[in-house]
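>>> Need the 3D shape of this:
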Amino acid sequence: MLNISNDKIENILNEDQLYSLKTLKTPGLGRTLAKVLLAMTGIIILSMFLPWQQNIHGSGTLTALSPENRPQKVETAIAGRIEHWKVVEGQLVAKGDTILSLTEIKEKYFDPNLLLRLNEQLAAKESSLDAKEMKKKALENQVVALRQALVIKLQQVKNKLKQSGLKLESDSIGFETEKINFQNAENIFERNKSRYEAGNIPLTKFQEIENKYQMSRAKFVSSENKWLQSKASLINAMVEIAGTQAEYSDKISKSQSELNATIADFYDTQGSLAKMQNELANMTIRNRQYQVLAPQTGYIVRAMKAGIGETIKEGEAICIIMPSTDDKASEMFVKAMDIPFISTGRKVRIQFDGWPALQFSGFPNVSVGTFGGIVQVIDRVDSKGGKFRILVKPDPDEDAWPEQLRMGSGIKGWVMLNNVPIWFELWRQLNGFPPSIYENGVIVMEKE
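Model prediction:
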């Protein structure tokens, strides 16, 4: 209403006398509630500027940092039949302890004296190899002796050829001399024959000249025969040289061929010997494989085969052994969009399944029952479902991880990043943006 009159209604009626007017007033409880809501709104607005530590959430299992300390299968190297179990599940075994004993199932190895037989065969083959080596050396010496004999024989034949040549030259000179003497004696004989027929010389003188002529003729024929014999001896010496070379070449070729055959047989025996040595070594090693030994100290977790007489194949697992070690690490899987912001050395908060904990991811200082860790390994490729695996080791500056933890236990982890205002983190989460890392007020991607 417009207050245009000088008569005031407040001067005529008292408000306490009017019930309707009393109901139109604001209750005191409402004012209090409004003040509380206003105060809470102010607190919430102020809290939006509180620091919040960004983190990357991941989950996984407990494992060991070193691969040799992770649960592993114990496999048998040979096929066999289980003869006796030496351990029970849950038992602590030392490295080299026998887990079970096997018996042979292949008929090739049934002979209990197989190693003795192989040693005997090996000794016989070694003796055969020694004999062949001696034969090889003998043939080599024979070839050397034949080559030396060829040189000596050729020298003898060449000397004989030289002697035959000198004798031929000497006999040729003698033949020419006797030929001239015979021609002179023949001329003298012809002249004196004419004189004897004319009666100028007596018969005795003519007979004497005729006798000299016949003697000269005989010497001429004899010298000619010697010259022809020397010529034939020279030809025979030349032929003997070629024959000697052919004879010794044939002998040397035969000996060399036999030597080559012996060498081939020697190397073949040597190869057979090496094969037998390999077989003996394999059998010696195989005999040791009948006892399956623990590869390292640990606990027998689960037997894959049970019972006596059960057959197992080569490379088949017989049980699982959990190494006895304090080496622990958390295997976490994080999203691909978060992996660029994780680097080795980053702090991690971890919550173990079955271990009471109260985790405040943005305020790690007030978390209860969580344990500290450090990022040790970041895989270069994705592991499963597009996620990447990281390995987290215990933080030496934090409390030790519980001894009661077992390999394969589930874990939840938070890789701790930098501090940002709560309003920024809410805005990032609502928009699905990745975490941010600041350097000098600039958002950057962290590198390993």
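>>> Surely Ala145 is within a helix?
Yes: membership of Ala145 in a helix is supported by DSSP: H, G, I helix; E, B strand; the rest coil.
>>> What distance do you get for it to Ala138?
Remark: distance between Ala145 and Ala138 (CB to CB, to the nearest Å) = 10 Å. For glycine as for every other residue, the C-beta is placed from the backbone atoms N, C-alpha and C.
>>> likewise Lys125?
20 Å.
>>> In the stretch 1-150 of the chain, what residue spans correspond to helices?
Secondary structure of the stretch 1-150 of the chain by DSSP state H, counting those that start in this stretch: the helices cover 19-23, 28-47, 114-197.
>>> ranking the ones you listed by burial, who's on top?
helix 114-197 (a mean of 15; mean count of other CB atoms under 10 Å).
>>> which helices and strands sit right next to that one?
Contact partners of helix 114-197 among helices and strands, from 3 or more CB pairs under 8 Å, 6 or more residues apart in numbering; DSSP states H and E: helix 203-288.
>>> I'd like to know which elements whatever helix or strand comes next after the helix it packs on is packed against.
Per DSSP states H and E, the first helix or strand lying C-terminal to helix 203-288 is strand 291-293. Judged by 3+ CB pairs under 8 Å, 6+ apart, strand 291-293 is in contact with strand 98-103.
>>> Tell me the strands beside the strand it packs on, with direction?
strand 80-85 (antiparallel), strand 291-293 (antiparallel) (DSSP bridges).
>>> Would you mark the buried spots in the last one?
Applying a neighbour-count criterion of 16 or more other CB atoms under 10 Å, one finds Val292 buried in strand 291-293.
>>> same question for it, mean pLDDT?
The pLDDT scores in strand 291-293 average 91.
>>> Render the CA-only coordinates of whichever helix or strand comes after it in PDB, please.
For strand 291-293, the succeeding helix or strand toward the C-terminus, using DSSP H and E, is strand 298-303. C-alpha atoms of strand 298-303 as PDB (Å, rounded to 0.1, in the frame of the first residue of the first chain):
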ATOM      1  CA  GLY A 298      62.100 -71.300  -1.800                       C
ATOM      2  CA  TYR A 299      58.800 -72.800  -0.900                       C
ATOM      3  CA  ILE A 300      57.000 -75.600  -2.900                       C
ATOM      4  CA  VAL A 301      53.600 -73.900  -3.600                       C
ATOM      5  CA  ARG A 302      51.700 -76.300  -5.800                       C
ATOM      6  CA  ALA A 303      52.400 -79.700  -7.300                       C
END
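>>> one step back: to Arg346, which of the helices of the stretch 1-150 of the chain lies closest?
helix 28-47 (26.7 Å; CB to CB).
>>> Which elements pack onto that closest one?
For helix 28-47, there are no packing partners by 3+ CB pairs under 8 Å, 6+ apart, so no helix or strand.
>>> pLDDT below threshold where in this protein?
Filtered on pLDDT under 70, the chain yields the residue ranges 1-28, 30, 357-368, 419, 432-434, 436-448.
>>> give the contact list for Asp97.
Residues in contact with Asp97 (CB atoms under 8 Å, 6 or more residues apart in numbering) are Lys86, Val87, Leu293, Ala294.
>>> So which of those residues wins on neighbours?
Neighbour counts for the contacts of Asp97 (other CB atoms under 10 Å) peak at Ala294, which has 21 neighbours.
>>> Give me the distance between that one and Met304.
15 Å.
>>> coming back round to it: could the strands paired with strand 98-103 be laid out in JSON lines, adding distance to Ile321?
JSON lines is the format used below for the strands paired with strand 98-103 (distance: least, CB to CB, whole Å):
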{"stretch": "strand 80-85", "distance to Ile321": "14"}
{"stretch": "strand 291-293", "distance to Ile321": "11"}
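>>> hmm, back to that, which pair in the contacts of Asp97 spans the largest distance?
Among the contacts of Asp97, Val87 and Leu293 lie farthest apart (CB to CB), at 11.0 Å.
>>> shared neighbours of the two, which are they?
Contacts common to Val87 and Leu293, judged by CB under 8 Å, 6+ apart, are Asp97, Ile99.
>>> Flag every buried residue along stretch 243-259.
Thr244, Tyr248, Lys251, Ile252, Ser255, Gln256, Leu259.
>>> could you dump the helices of the stretch 1-150 of the chain to CSV with distance to Glu425?
Output for the helices of the stretch 1-150 of the chain, formatted as CSV (distance: least, CB to CB, whole Å):
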stretch, distance to Glu425
helix 19-23, 47
helix 28-47, 12
helix 114-197, 74
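>>> So which of those helices is nearest Ala336?
For Ala336, the closest of these is helix 28-47, at 32.5 Å, according to CB to CB.
>>> contacts for that closest one?
Residues contacting helix 28-47 (CB under 8 Å, 6+ apart): Ile422.
>>> How far off centre is stretch 149-161?
61 Å (CA atoms, centre = their mean, to the nearest Å).
>>> what's in contact with that stretch?
Leu234, Ala237, Met238, Glu240, Ile241, Thr244, Gln245, Tyr248, Ser249, Ile252.
>>> ok, now with 7 Å
Identification of contacts with stretch 149-161 by CB atoms under 7 Å, 6 or more residues apart in numbering yields Leu234, Ala237, Met238, Glu240, Ile241, Thr244, Gln245, Tyr248.
>>> same thing with stretch 319-326?
Identification of contacts with stretch 319-326 by CB under 7 Å, 6+ apart yields 64, 69, 71-74, 92, 99, 294, 296-304, 407.
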